[in-house]
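> Have a look at this prediction, sequence included:
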Amino acid sequence: MKINALVAHDAAQPLTSGQVSLRSLQKQDVKIEILYCGVCHSDLHMARNEWAVSQYPLVPGHEIVGRVVEIGDEATHFKPGDIVGVGVMVDSCRECHFCKHHEEQYCEAGFTATYNGIDKYTGDSTWGGYAQSVIVDQHFVVSVPRNLSLAGVAPLLCAGVTVWSPLRHFNVNAGDRVGVVGLGGLGHMAVKLASAMGAEVTLFTTSPEKGEDARRLGAKQVVVSRDAAQMAACRTSLDFIIDCVAAPHDLDPYLATLKTNGRLVLVGIPDQPHDSPNITPMVFRRLSISGSSIGSIQETQEMLNFCGEHNITADIEMIGGEDIEAAFGRMLKGDVKYRFVIDMQATRW
Ligand code: NAP
Ligand code: ZN
Ligand code: ZN
């Protein structure tokens, strides 16, 4: 079945309205009419082939909220009319150690990405959420709490769970002192979620004008990272840092703000590597640096339930699909408060 979608044709051309074919509904599948799709910085990296893995044509979008319109013969988790979410994964091998232990994001065979992946059934590309509909195996679909505003839920499906997962995995607790680097889509969710968990949050930003927003979102302290005196004032004061920056930068000034046994978790994936940090302070204060990839389906559901209980959604700016290139341009300048979300039903195809 053909659907309308926003298609990237190569790294240099703007996205245009086009059509792609969805697979036929498999037994465990649900078909979802997409209501909203968030615009992740990864979509921009992929549309522009900044990670050198893009296959064209490509339909970005992995922060999907929509309504179930049809279910396969053996799909029992959802029924037509349910409001559901789909994030960065739509399948995995389901047999490896990680798949069996609810960590599909680390599937040894590699998870099937929501877009630019290989569909198990058709061998064709998977198509993302900048589109009218999507067909996904029920195991990779999550329920959306009904009290939340749906457009603001869309960014939780990638930005939300990507910061939730390391906060939970590394046992960040109430009272811990947590740094968040970069107030973008991921960073603003990290500020909201970590502060709702009871952590005392310090935001590091290159944009002094974001300070007031950061405090409103839950940060106790705001540090302008380009100001050496402000950075020096918080030396060895933090337990944990989550770095959400989409560009290469010096990690040493952030490591300097960690207490002994502190951990810096990198979730941003710049197109060029960061320079190696200085190892000596890491040795003498037993510091750790970790990476972290999105979150599992189970974690995504837990995070959505937590957001339902705490009434947390993303701060968004709604756009139509025709505005996507302008949105990408503003995202590159850090001019997003704090996630663009495409209103699919208002989009002129
Ligand atoms: P975003 O909304 O564009 O936010 C990035 C933020 O980083 C900016 O708002 C800015 O915050 C800061 N920043 C940008 N350029 C900078 C520079 N040159 N120096 C210092 N700070 C800079 O991006 P996003 O959607 O949150 O995504 C962030 C990164 O995470 C991307 O690389 C994306 O691909 C990656 N990602 C990873 C995963 C994963 O599974 N690990 C999942 C999703 C996304 P300030 O203005 O506050 O400085
Ligand atoms: Zn993403
Ligand atoms: Zn697996």
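Now that the structure is in, tell me what you want to look at. Residues are numbered from 1 along each chain as shown. Ligands and ions are numbered 1, 2, ... in the order given.

> buried residues in stretch 58-74?
58-68, 71-72 (16 or more other CB atoms under 10 Å). Just so you know, the C-beta spots here come from the backbone N, C-alpha and C atoms, and that holds for glycine as well.

> measure the residue of the stretch 101-250 of the chain found nearest ligand 1 to residue 281 for me?
The nearest approach of the stretch 101-250 of the chain to ligand 1 comes at residue 184, 1.7 Å away (CB to the nearest ligand atom). To residue 281, residue 184 is 27 Å away according to CB to CB, to the nearest Å.

> neighbour count winner among these two?
residue 184 (24 against 14; other CB atoms under 10 Å).

> tell me the phi and psi of the residue in the stretch 101-250 of the chain that ligand 2 sits nearest to?
Nearest residue of the stretch 101-250 of the chain to ligand 2: residue 158, at 3.2 Å (CB to the ion). The phi/psi pair for residue 158 (degrees, to the nearest 10) reads phi -120, psi -60.

> what's near enough to touch it?
38, 40, 42, 62-63, 87-88, 294 (CB atoms under 8 Å, 6 or more residues apart in numbering).

> Identify, from those, the entry nearest to ligand 2.
Looking across the contacts of residue 158 and measuring by CB to the ion, the closest to ligand 2 is residue 40, at 3.0 Å.

> which one is that closest one nearest to, not counting chain neighbours?
Excluding its sequence neighbours, the residue lying closest to residue 40 (CB to CB, 6 or more residues apart in numbering) is residue 158, at 5.0 Å.

> how close does that neighbour sit to residue 51?
Where residue 51 is concerned, residue 158 sits at a distance of 15 Å (CB to CB).

> go on, residue 199?
On the measure of CB to CB, residue 199 and residue 51 end up 31 Å apart.

> try residue 213
Distance from residue 213 to residue 51, by CB to CB: 29 Å.

> Looking at these two, which one has more neighbours?
residue 213 (19 against 13).

> Which helix or strand lies directly C-terminal to the longest helix belonging to the chain?
Longest helix of the chain, by residue count under DSSP state H: helix 297-310. Counting by DSSP states H and E, the next helix or strand C-terminal to helix 297-310 is strand 316-319.

> what packs against the next helix or strand after that next one?
Downstream of strand 316-319, the first helix or strand assigned by DSSP H and E is helix 324-332. Where contact means 3 or more CB pairs under 8 Å, 6 or more residues apart in numbering; DSSP states H and E, helix 324-332 is packed against helix 41-47, strand 339-343.

> Provide the strand pairings for the last one, with the direction of each partner.
According to DSSP bridges, the neighbouring strands of strand 339-343, each with its direction, are strand 29-38 (antiparallel), strand 316-319 (parallel).

> where does the closest residue to residue 93 other than its chain neighbours land on pLDDT?
Spatial nearest neighbour of residue 93, excluding adjacent residues (CB to CB, 6+ apart): residue 109 at 4.0 Å. Model confidence at residue 109, given as pLDDT, is 97.

> what stretches of the stretch 101-250 of the chain score poorly on pLDDT?
In the predicted model, the stretch 101-250 of the chain carries no residue with pLDDT under 70.

> Alongside ligand 2, which residues does it contribute?
Contact residues (CB under 5 Å from the ion) of the stretch 101-250 of the chain with ligand 2: residue 158.

> Let me see the ranges of the helices in the stretch 101-250 of the chain.
With DSSP state H, counting those that start in this stretch as the criterion, the stretch 101-250 of the chain has helices at 150-153, 159-169, 185-196, 211-217, 228-233.

> tell me the contacts of residue 332?
Contacts of residue 332 by CB under 8 Å, 6+ apart are residue 44.

> And it, how far from residue 265?
Counting by CB to CB - residue 332 and residue 265 are separated by 24 Å.

> Surely residue 280 is within a helix?
Yes - under DSSP: H, G, I helix; E, B strand; the rest coil, residue 280 sits within a helix.

> I'd say residue 91 and residue 113 touch.
No - checked against CB atoms under 8 Å, the pair residue 91 and residue 113 is beyond contact range at 9.2 Å.

> quick one: the nearest residue to residue 342 once chain neighbours are set aside from ligand 3, how far?
Closest residue to residue 342 apart from its sequence neighbours, by CB to CB, 6+ apart: residue 37 at 4.9 Å. The gap separating residue 37 from ligand 3 is 26 Å, by CB to the ion, to the nearest Å.

> for residue 149, same thing?
34 Å.

> please renumber so the chain begins at 37
That works, and once the first residue is 37, the last one we named lands at residue 185.

> neighbours around that residue, how many?
Neighbour tally, residue 185, other CB under 10 Å: 12.

> how about the residue nearest to it when sequence neighbours are not counted, what does it touch?
The shortest distance from residue 185 to any non-neighbouring residue, by CB to CB, 6+ apart, is to residue 349 (5.5 Å). Residues near residue 349 by CB under 8 Å, 6+ apart: 184-185, 188-189, 192, 343.
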